[in-house]
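Visitor: Could you look at this predicted model? Sequence included:
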Amino acid sequence: NAFTTCFSLDTTDGCEYNNTFDSACGIIPNDTFQAKIWGYDGYILSNDVDYYKLSSSQCGTVVVNITNVPSTLRIEINAYNSLQSPIAGPAIGNLGGDISLTYNTGIGDSYILINDWNGNTSSNTYTMWVTFTPNPPVPIVTANGPLSFCEGGSVTLTSSANANNHWSTSASTQSIIVNTSGTYVDTVVVTGCVVPSLPIIVNVNPRPAAPIVIANGVTTFCQSDSLQLFISNFDTSVSYLWSNGGNDTIEYVNTTGNYLCTSISDSGCSSLNSDTISVTVNPLPSVPVIIANNSTTICEPDSLILSITNPCNGCNYLWSNSATTNSIDVNTSGNYLCSSSNICGTSNSSNTISITVDPLPLPPNSLTGNIIVAANSIQIYSTATVVGTTYYEWSVPTGWIINSGQGTTQINVTVNSNFTSGQVCVKDSNSCGVSVDSCLNISFNAGIEEINSINNIEVYPNPANTILNIHQSNYAPNQQLIITD
């Protein structure tokens, strides 16, 4: 960071007559000048002064070194600021001795004065070197983000100088947080040297106004309806973004939720959110789906449960049997269905479930047929048809043979030879069970055919199944009674 200027013999540089501040010979880094002490043809010219002007765009430390001084010269060095006020020196060397002077300079001009205190009668030359070291360096300010942003944001500006900071905001830290528009500079001050950074311009874009959202109607409604939300303070210079993705000034909603809106300016800045509008959309009643918990054909006295598989919140139910619960207990044949209703209306009817309740079998009606039978005879017994009966089961006295009709309402039987008494019974059955028996008491036939022309013979009881009495009230000799079966 240092530069050195060397002054050596060069009569063409035009610095021979630099004996005032105004005629000071300008010094440019790495340029070469003639450094000469003047004399006039043997005349002594004491206190000859040479002025040099050093121009700098930075603060720094200047070191002036003079070497190769003739033995007849005694040289003094002084330094002045741009106001031509002394800032360093004097530094006085011995005859023919080297000499050095160090001083600090700010941005701008400083002056170096070389004075011959010994006098001379001829021009004598010497070598002068000027070394400049910037101090401190120009601070470099960096930002941790864009310099143009929206209201509510900020950017951190950080200086490369870690000490002696003097920000345009009056902060003295290495970093500052900026959230307002403006020009920001960090100036480093060291030993009176003021070094400003390049200006940093920050632009804070204002937020647009927050939208005012109005609901054009009640915020609780039914599924088949919708609600209009609109922005009452709409601005054509901004765009809008709704929480449901819409971007118009009017939004139609038909879904339960919380709705709000944000304004967006051309610079991309978003406003604060609008107030939230809560919308409740009540669903239409769903069409019930009903199922049975078992087979839809049952027997008395059983029952069946019909229930709704898709109940809806807030719904009421009405069954075809006038029940209003979510499930019903059914023990009667019929077609069953259901509908649901809520504040938004009544649904269509559900699917229909047909229920069949089969009765238990009834006892058979009275039996018909002979109750007094003869041995080895063929007999017919029957009963009336019972509704719902699928089978008639007959039973006869031991030894009897059912020739035909088992399972029907009439049987054909053969009476055995040694029958005395017994029962002919029948019971009916269906898918739900078997009835009790209905029976007919049967006895053996011991009666005889009476001859009415014989008035004096009496038979009793007739018929009989134990003792048969034959009585003749007017006995006559030589009469014969023959009994056959």
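Guide: Happy to help now that I have it.
Visitor: hey, let's count contacts and neighbours off CA atoms from now on
Guide: Fine.
Visitor: To what extent is Leu440 buried, counted in neighbours?
Guide: 18 (other Cα atoms under 10 Å).
Visitor: ok, Ser286 touching Cys338?
Guide: No. Judged on Cα atoms under 8 Å, Ser286 makes no contact with Cys338 at a distance of 11.2 Å.
Visitor: okay, the two: which has more neighbours?
Guide: Relative neighbour count places Cys338 above the other of Ser286 and Cys338, with 27 against 20, counting by other Cα under 10 Å.
Visitor: Which pLDDT value belongs to the closest residue to that one other than its chain neighbours?
Guide: Excluding the flanking residues, the one nearest Cys338 by Cα to Cα, 6 or more residues apart in numbering is Trp319, at 4.3 Å. Per-residue confidence (pLDDT) for Trp319: 97.
Visitor: For Trp319, list the residues it contacts.
Guide: 336-339 (Cα atoms under 8 Å, 6 or more residues apart in numbering).
Visitor: Can you tell me which of those lies closest to Asp225?
Guide: Using Cα to Cα, Ser339 is the member of the contacts of Trp319 that lies nearest Asp225, at 21.8 Å.
Visitor: ok, now how distant is that closest one from Pro288?
Guide: Note on Ser339: its distance to Pro288, by Cα to Cα, to the nearest Å, is 6 Å.
Visitor: In three-state terms, label His166 for me.
Guide: Using DSSP: H, G, I helix; E, B strand; the rest coil, the structure places His166 in strand.
Visitor: was I right about Ala161 contacting Asn135?
Guide: No. Contact criterion Cα under 8 Å: Ala161 and Asn135 do not qualify, at 11.6 Å.
Visitor: a strand runs through Val176, doesn't it?
Guide: Check again: residue 176 is Ile, not Val. Yes. Secondary structure of Ile176 (three-state DSSP): part of a strand.
Visitor: any idea how far it is from Ser154?
Guide: To Ser154, Ile176 is 10 Å away according to Cα to Cα.
Visitor: And Asn205, by the same measure?
Guide: Distance, Asn205 to Ser154, by Cα to Cα: 11 Å.
Visitor: same deal with Asn165?
Guide: From Asn165 across to Ser154, the span is 21 Å (Cα to Cα).
Visitor: So between these two, which is more surrounded?
Guide: Asn165 (24 against 19).
Visitor: How about the contacts made by the more buried one?
Guide: By Cα under 8 Å, 6+ apart, the contact list for Asn165 reads 171-174, 186-189.
Visitor: Was I right to think Ser197 contacts Thr183?
Guide: No. If you go by Cα under 8 Å, Ser197 and Thr183 don't touch, sitting 11.3 Å apart.
Visitor: where does this protein dip in pLDDT?
Guide: The chain contains residues with pLDDT under 70 at 1-17, 28-48, 117-124, 191-192, 446-456, 459-468, 472-485.
Visitor: mind listing the helices for it?
Guide: For the chain, no helices are identified by DSSP state H.
Visitor: What is the neighbour count of the residue nearest to Gln379 when sequence neighbours are not counted?
Guide: Spatial nearest neighbour of Gln379, excluding adjacent residues (Cα to Cα, 6+ apart): Val413 at 5.3 Å. Using other Cα under 10 Å, Val413 is surrounded by 19 other residues.
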